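A.B. asks: here is a sequence with its predicted model. Questions after.
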Amino acid sequence: MTDAPTQLLIGGELRDAVSGRTFPTFDPAHGGELATVAQAGTDDVDAAVTAARGAFDGAWAKTAPAKRARMLNRLAQLLDGQTDELAELESRNSGKAKWQCAAEIKVAVSTLEFFAGTAQHLYGRSHVVNPAVVTYTLREPVGVVGAIIPWNYPLMMAAWKVAPALATGNTIILKPASATPLTAIRFGELALEAGIPAGVLNVIPGPGAEVGEAMAAHPGIDKIAFTGATDTGRRIAAVAAKTLKRVSLELGGKSPNIVFADADLDAAVIGSLWAIYYSAGQSCEARSRILVADQLYDAFASAFAEKARALTVGDPLVDDTKVGSLISRAHAEKVRRFVEIGVEDGGEMLAGGDLTLAEGLDADAFVAPTVIGGVSNDSRIAQEEVFGPVVTLSRFTDEKEAIGFANDVRYGLAATVWTADSARGHRVAQKIRSGAVGINTPFVAFPGVPFGGFKESGYGREQSLEALDLYTETKAVLQGTSPKPVNPFGT
């Protein structure tokens, strides 16, 4: 068990749920319960909305942008100072390698610092309609934001939502995933330590079917920001439409990784390894389909499978672990079933299978880095999001076919292109229907770079100046300047 905070954070106070209900959260890699957490319900959603609305209409509305920026920077400093403790807590709660959690906390720090820098730069525009009317626009906060985040990047995703919302003057209600709520609650506590007023950031763990649904439906919430599964995003959009609240959705992916014949083989293998096996493949932007030119396919498949088999899988708290556990036994079993389907549909297992793990680990929560070769692009495993350490290899004959395969899925979140021809790299990047495309790099997300999807990967952009549009309203102000009365009727 952990001594991390496990209560709801509403109006600046840690409290039990109104119903008194709790739920367990687990250490998936080692097995067993990690903590018992207060389980929010609809009454707690109401309380959080009241607190957030009170803060928005009260002190927070009067807080100067420069002061908001200082608070966000202070929060970043506090987060940075507790990286090791928070990384261990997140690793234990998620099964992800601790060093990866630490790196993600550094991204959260950078995200807070980036948006702190935008707080004083929400510019409007002026426009002279005619000599008698001068207009200008204001960028104003939307109001109360409801943020629903997934279990795969708990603290980093919290920062992705909280930083732009607070920088633009909103208040926020954060619902972390039930599987990984602990660092989000601690994040809320650190916000209070940073001087952010009570009620500005509220944290209410609870089941999505109840708490997330209530947030999407609540008339007191002005915007929903959601990251998670595509089907859940559809439900949120439908419920939120009843009150016409604004919605931004960052959803699933089935991202392509295209390796042309002229690519640097070693760089493509190493980069492609990271693009799928980081976070044990539990990333919405994981490049889970590797499309390889015929001429390079055999060499790439051999080298990639060898590297995949060599990755250290094990205890996420051990420094040399590259791939930790999945989030749960149930999810691991789902991933293993996808592997079976991939082979049943004609794929060839090039890497994967049984694992030898250290004593004390829950083997049922782990899946070996898996490579399935010879996969048809229209097969189920090439079309559906597996969300685990499983990648497919498929051949293509020319650039046109590669682009066609890349786009022939319902998602469009990320992509990578490996080629020595820079013109081809940019040409292909322009033709792929994805929100981000890396050329000779597996990295597609940095603070300051827009992140979001096309098609069924959602809409809206995070991590960038474009995100400010998601959290602000534009108001037009018009001033008549004529010394004569405005008399359209001529009376």
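C.D. replies: Yep, it's here.
A.B. asks: which residues in the stretch 1-150 of the chain form strands?
C.D. replies: Along the stretch 1-150 of the chain, counting by DSSP state E, counting those that start in this stretch, strands occupy 8-10, 13-15, 22-26, 33-38, 126-130, 133-141, 144-148.
A.B. asks: between the ones you listed, which one is nearest to R287?
C.D. replies: strand 144-148 (25.3 Å; Cβ to Cβ). Every residue, glycine included, has its C-beta placed from N, CA and C.
A.B. asks: and the closest one, average pLDDT?
C.D. replies: Averaging pLDDT along strand 144-148 yields 98.
A.B. asks: mean neighbour count and distance to T419 for the strands of the stretch 1-150 of the chain - can I get that in CSV?
C.D. replies: Shown next, in CSV, are the strands of the stretch 1-150 of the chain (neighbours: other Cβ atoms under 10 Å; distance: least, Cβ to Cβ, whole Å):
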stretch, mean neighbour count, distance to T419
strand 8-10, 27, 48
strand 13-15, 14, 53
strand 22-26, 18, 43
strand 33-38, 19, 45
strand 126-130, 10, 45
strand 133-141, 16, 41
strand 144-148, 28, 38
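A.B. asks: by mean pLDDT, show me the worst of those strands.
C.D. replies: Looking at the strands of the stretch 1-150 of the chain, the lowest mean pLDDT belongs to strand 126-130 (a mean of 89).
A.B. asks: nearest to D44, out of the strands of the stretch 1-150 of the chain?
C.D. replies: That would be, of the strands of the stretch 1-150 of the chain and by Cβ to Cβ, strand 8-10, which comes in at 5.9 Å.
A.B. asks: gap between the closest one and the chain center?
C.D. replies: 22 Å (Cα atoms, centre = their mean, to the nearest Å).
A.B. asks: ok, and what's touching that strand?
C.D. replies: Strand 8-10 is contacted from outside by 14-17, 38, 40, 44, 47-48, 51, 185, 188-189, 199, 201-205, using Cβ atoms under 8 Å, 6 or more residues apart in numbering.
A.B. asks: mind checking which of these are buried?
C.D. replies: Burial by neighbour count, 16 or more other Cβ atoms under 10 Å: within the contacts of strand 8-10 this picks out 14, 17, 38, 40, 44, 47-48, 51, 185, 188-189, 199, 201-205.
A.B. asks: in JSON lines: the strands of the stretch 1-150 of the chain, plus distance to A225.
C.D. replies: Shown next, in JSON lines, are those (distance: least, Cβ to Cβ, whole Å):
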{"stretch": "strand 8-10", "distance to A225": "18"}
{"stretch": "strand 13-15", "distance to A225": "24"}
{"stretch": "strand 22-26", "distance to A225": "23"}
{"stretch": "strand 33-38", "distance to A225": "22"}
{"stretch": "strand 126-130", "distance to A225": "30"}
{"stretch": "strand 133-141", "distance to A225": "13"}
{"stretch": "strand 144-148", "distance to A225": "5"}
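A.B. asks: so for E333, which of these sits nearest?
C.D. replies: Comparing those by Cβ to Cβ, strand 22-26 comes nearest, at 15.2 Å.
A.B. asks: so which elements touch the closest one?
C.D. replies: When contacts are defined as 3 or more Cβ pairs under 8 Å, 6 or more residues apart in numbering; DSSP states H and E, strand 22-26 sits against strand 33-38.
A.B. asks: can you list the strands that the strand it packs on pairs with?
C.D. replies: Its sheet considered, strand 33-38 pairs with strand 22-26 (antiparallel) by DSSP bridges.
A.B. asks: restricting to C-alpha, output the strand it pairs with in PDB.
C.D. replies: The C-alpha trace of strand 22-26 is given here as PDB (Å, rounded to 0.1, in the frame of the first residue of the first chain):
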ATOM      1  CA  THR A  22     -14.000   3.800  -2.500                       C
ATOM      2  CA  PHE A  23     -12.300   1.700  -5.100                       C
ATOM      3  CA  PRO A  24      -8.900  -0.100  -5.300                       C
ATOM      4  CA  THR A  25      -6.100   0.900  -7.600                       C
ATOM      5  CA  PHE A  26      -3.300  -1.600  -8.300                       C
END
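A.B. asks: show me what it is in contact with.
C.D. replies: Counting by Cβ under 8 Å, 6+ apart, 32-39, 93, 178-182, 205-207, 328 sit against strand 22-26.
A.B. asks: please apply the same query to stretch 404-413.
C.D. replies: 230, 251-256, 258, 284-285, 289, 291, 377-378, 382-383, 385, 394, 396, 415, 431-436, 452-458.
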